[in-house]
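Trainee: Got a predicted structure plus its sequence, pasted below:
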Amino acid sequence: MSEFAKLPGVGRKTAMRLVLHLLRQDTAVVEAFGNAIVTLKHEVKYCKVCHNISDTETCRICANPQRAKLKGEKRVAELCSNYAIARVVVVYGAALPGQHGNILQLVANRLRNNEEIRVVSDQWRTPTYVGDVSQGIEKLINHPNNGIYHICGSECLTIADIAYRVADTLNLDYSLILPVTTKQMGETTPRPRFSGLSIEKARRELGYQPHTLEEGIKLMFNL
């Protein structure tokens, strides 16, 4: 448990939950998990275009010629002599009147009403507090260099992990959270398994420092 607790953003309760989860798994599942960590250390690198985490020199997003957003980004670079492109993922914060909110708000609402909620455990994201997007954009405005910058949170988590963090931070009943696979969820709109972004370039060049997820949750819910 102590090794899990060393990970950023993982507290004692979350570490215990991870250990108990692994103990309930078959030996083959646990061995595959351990091998994946070793593979990550030896084979994962940064995309030469966007500096996102990738297992190839150019990540699948940047290498996809059909990606509409990528085409737009390339067009901006072609037409503009002074530009910056900001990429964000799963932005959260207090919803304005009339807005449906975000996944964190949905989880909190369900748990506060003692309702179960199904969340996917095999889709990875980098949740981003809305105030950090403002901070990043302000830094980009004053930054002299052109390029693509990831203005996101610092932690890459599954949707299920995000839900558990909401429960832990708000002291809600996390037993109501039901992790399922993407296949089991049966989503109408296909979603990528991994769309987390690395913020190392933004940290290095902009001095960008986002809030932790726990800090963002507290700001979101005025704690």
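Mentor: Now that the structure is in, tell me what you want to look at.

Trainee: what's downstream of whichever strand or helix holds residue 119, the next helix or strand?
Mentor: With elements taken from DSSP states H and E, the one containing residue 119 is strand 117-120. Proceeding N to C from strand 117-120, the next assigned helix or strand is strand 124-125, under DSSP H and E.

Trainee: Quick one: distance of the lengthiest helix in the chain to the chain centre.
Mentor: For the chain, the helix with the greatest residue count under DSSP state H is helix 27-43. How far helix 27-43 lies from its chain's middle: 21 Å, per Cα atoms, centre = their mean, to the nearest Å.

Trainee: try stretch 211-223
Mentor: Distance of stretch 211-223 from its chain centroid, counting by Cα atoms, centre = their mean, is 15 Å.

Trainee: Give the rounded mean pLDDT of that stretch.
Mentor: The average pLDDT within stretch 211-223 is 95.

Trainee: which residues sit against that stretch?
Mentor: 8-9, 92-94, 104-105, 108, 127, 129, 131-132, 153-155, 157, 162, 165-166, 168-170, 210 (Cβ atoms under 8 Å, 6 or more residues apart in numbering). All C-beta spots, glycine's among them, are computed from the backbone N, C-alpha and C.

Trainee: buried set for it?
Mentor: Buried residues in stretch 211-223, counted by 16 or more other Cβ atoms under 10 Å: 211, 213, 214, 215, 216, 217, 219, 220.

Trainee: ok, now stretch 5-22?
Mentor: Neighbour-count burial for stretch 5-22 flags 10, 14, 15, 17, 18 (criterion: 16+ other Cβ under 10 Å).

Trainee: Among those, which ones are in helices?
Mentor: Residues of these located in helices (DSSP H): 14, 15, 17, 18.

Trainee: Taking these together, which two end up most distant?
Mentor: Distance extremes for these: the farthest pair is 15 and 17 at 7.3 Å, using Cβ to Cβ.

Trainee: Kindly state the pLDDT recorded for residue 100?
Mentor: At residue 100, the model reports a pLDDT of 69.

Trainee: from now on call the first residue 281
Mentor: Done: numbering now begins at 281, and the last item shifts to residue 380.

Trainee: Tell me which residue is most central in the chain.
Mentor: The residue lying closest to the centre of the chain (Cα atoms, centre = their mean) is residue 406, at 1.5 Å.

Trainee: Now do it, the pLDDT please.
Mentor: 92.

Trainee: Next up, the contacts around it.
Mentor: Applying Cβ under 8 Å, 6+ apart to residue 406 gives the contacts 369, 370, 430, 432, 433, 434, 435, 436, 437, 476, 477, 479.

Trainee: Against residue 490, how distant is the last one?
Mentor: Going from residue 479 to residue 490 by Cβ to Cβ, to the nearest Å gives 7 Å.

Trainee: Which stretches in this structure count as helices?
Mentor: 282-285, 292-303, 307-323, 340-343, 348-359, 383-392, 410-421, 439-450, 462-465, 480-486, 493-500.
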